[in-house]
Structure formats: structure tokens, C-alpha cells
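K.L.:
Quick check, what structure comes out for this input:
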Amino acid sequence: MLTMSFYSPSWLQEGQGIPPTLRWAFSTEAPLVALDMGRESGEVLAADETGGLYRLDRRGQLLTVSRGLRGVRAVAWSDSNPAGAAIVGERKVFRLNGQLEAEWSVGLPEVALGIALAPFGRQTAISLANGGNLVLGDQSEQLTVFDTIRPLKWIQFLASEAVLIGAADYGQVCAHRLNGEQLWSEKCFTSLGEMCAAADGETILMAGFNQGIQSLGGDGSTGDSYLIEGTVCRVSCSFNADRIAAATLERQLYWLDSDGQLLWATEVDDEIVRVICDPLGEWLLCGLRSGHILRLDWES
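P.N.:
A predicted model of the protein is given here:
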């Protein structure tokens, strides 16, 4: 039976700033390929490269494990309800229930790039390689189809209103209502490694590789940029962006405040698959290629 891991790396106490407490660690049975977390529930959905899916509670306890969905490339988990979705292979999306069973699946006309679930899990958004975007209902019915100038690699529902934020890996960041109406679209003149929006959409952060962390305001206006050492490829923020987590291709891990000031940084001994900041900015979820998933706490 799978249990929490006793993995406790030395790099946690190294580096700069105030180090976190390792609250828990969990290990998947094979290398980690995808990770997501529900902002309200704190539940975690992880996928490994042999088809394993794992649902954890906020304490790192295993709730459900499932095997057989080989080829998972991306996952999404609802903020408040036990519901998820996964891109499997190039052109298929599965809707998952709390037992990680497939409720339905859809075949797609183009390669799927990004996937997101609405906060209550009722809608699933999928972005495609041809620039098309789909919003599906909870029974897989098609609610909306709309196109963007460039294919969106990252998409995210806002928590405060029915808006979808998206970013291409180069050239475009945009916001759309769920009926497809474009609210704004801005050019982005740097390649991106990831995009993350605060829950209210007032801050949008982008991992800009050698350009550091770039930001936009809620209307697409240019915001601050944060230059940190390394090639930034992962980024996440708390509910209102008071805390920012970032990772680099060189395996550096950063914990910053809303002004980009360094609170903690270290060099990890493994490839960082994803970083996820909790809504209150008190802890960080870090998923490593080896399969280790760590919750790092700065709670008082």
C-alpha cells in the first residue's frame, strides 16, 4: 500500500533566506509527469509516466490511486469538488470523478495543449494546437468554441468570475469569458515556460526564461518584472499574489513576496516538474521528476 515518503533532502536547509518546514512528502511509483491542486480543498492530483493517478488530501494522505491511463500529459483538479480531468496522448481528454474513474472521454480534432477546470468543476476547458478552444459541460456537452490568435499552452479559470485566462508559449496572453467573448489580448515578446494568474485575475505571472518573471495586470496592462538568477520555467502564486513560487531549468527553487523580494531560495537535486503555491501563501507544493511531492511550510 502506498504511504507518505520519508524523503527529506539536505537542500531544504541550504540556500538563502528562511527555510521551510517539510510538512509531508509523498512518492509516486514512477517518474512524475503532471501535478495539480484544488485551491479550496487542498487536494492534490498527480500522474506518473506508467499510468498511475494519485489523489492526496492536504495532509499528504493517499485518498485514491488508479492505474491504467498511460500517456497522461497534463492534469487539472477542481478547487472545491472531487473532480478532475486529464489529457491522455495527443487528442483525448478524460473527465475523472473522486475515485479517479473516467466519467467520460472526448476525442479531439487537434492536439490538446492545455486543460483547466472551473472552480466547482462544472466546466472543462481545453486548448488546441490549431488555436481552437473548447469549453465543455459536466456531461461533455459543448458549451463554447472560440479561436485565439495563437494556440494557448496554458489556460486557467478565475475563481472570482467566469473568465478564462490563457497564454501561448510565445506571442499572446489573453482573457475570455466562457461564451468566448474576448476581454483583452496582449502581445508577449518573450518565450514562456508557464503562466499563472491570481484567483481574481488582477495579477498574471509568466515564467519568461532568461527574462525572469513577467507580470500583467487584470486588464492586460504591463506590470512589474522580477529578475532572478537562472532560466525561469515554472511559476505559481497565492490567491492574491502575495507570495510567488518559481523554479528554473537549473533546478533553483525560489519563494518571493509580492514585490519580488527573496524570502528563500535553494538548489534542488532533481528536475522540478511543477510548483504550486497555496491560496494563503503559507506553503508551497513542489513536484519533482523522480516522483517526490513535497509540501514546504512557512506557517506561523
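K.L.:
Isn't Ile115 up against Val88?
P.N.:
No - counting by CB atoms under 8 Å, Ile115 stays clear of Val88, with 10.5 Å between them. C-beta: built from backbone N, CA, C; applies to glycine.
K.L.:
check contacts around Glu141.
P.N.:
If you count contacts by CB atoms under 8 Å, 6 or more residues apart in numbering, Glu141 has none.
K.L.:
run the last query once more with 10 Å
P.N.:
Residues near Glu141 by CB atoms under 10 Å, 6 or more residues apart in numbering: Val135.
K.L.:
Could you do Leu256 as well?
P.N.:
Leu256 touches 17, 213, 226, 228, 235, 237, 243-246, 262-265, counting by CB under 10 Å, 6+ apart.
K.L.:
can you do 6 Å?
P.N.:
Counting by CB atoms under 6 Å, 6 or more residues apart in numbering, Leu256 touches Ile244.
K.L.:
So what pairs up with it in the strands?
P.N.:
Under DSSP bridges, the beta-bridge partners of Leu256 are Ile244, Leu262.
K.L.:
Going forward, count from 523.
P.N.:
Shifting the count to begin at 523 puts that one at Leu778.
K.L.:
What pLDDT does the model give it?
P.N.:
Looking at Leu778, its pLDDT is 98.
K.L.:
From Glu751, how far out is it?
P.N.:
12 Å (CB to CB, to the nearest Å).
K.L.:
cool, Glu789 as well?
P.N.:
Computed as CB to CB, the Glu789 to Glu751 distance reads 10 Å.
K.L.:
now the strands: where do they sit in the stretch 723-822 of the chain?
P.N.:
Secondary structure of the stretch 723-822 of the chain by DSSP state E, counting those that start in this stretch: the strands cover 725-729, 735-739, 744-748, 754-759, 765-770, 774-779, 784-789, 794-799, 805-810, 814-819.
K.L.:
dump the residue contacts of the residue nearest the centre of the chain.
P.N.:
Nearest to the geometric centre of the chain sits Asp558, at 5.5 Å (CA atoms, centre = their mean). By CB under 6 Å, 6+ apart, the contact list for Asp558 reads Leu567, Val597, Ala598, Trp599.
K.L.:
and the third one, what element?
P.N.:
Yep, that's Ala598 we're talking about. Following DSSP states H and E, one finds Ala598 within strand 594-599.
K.L.:
Pull out the buried positions in the helix or strand that that strand is followed by.
P.N.:
Sequence-wise, the next helix or strand downstream of strand 594-599 (DSSP H and E) is strand 606-610. By neighbour count on 16 or more other CB atoms under 10 Å, the buried set for strand 606-610 is Gly606, Ala607, Ala608, Ile609, Val610.
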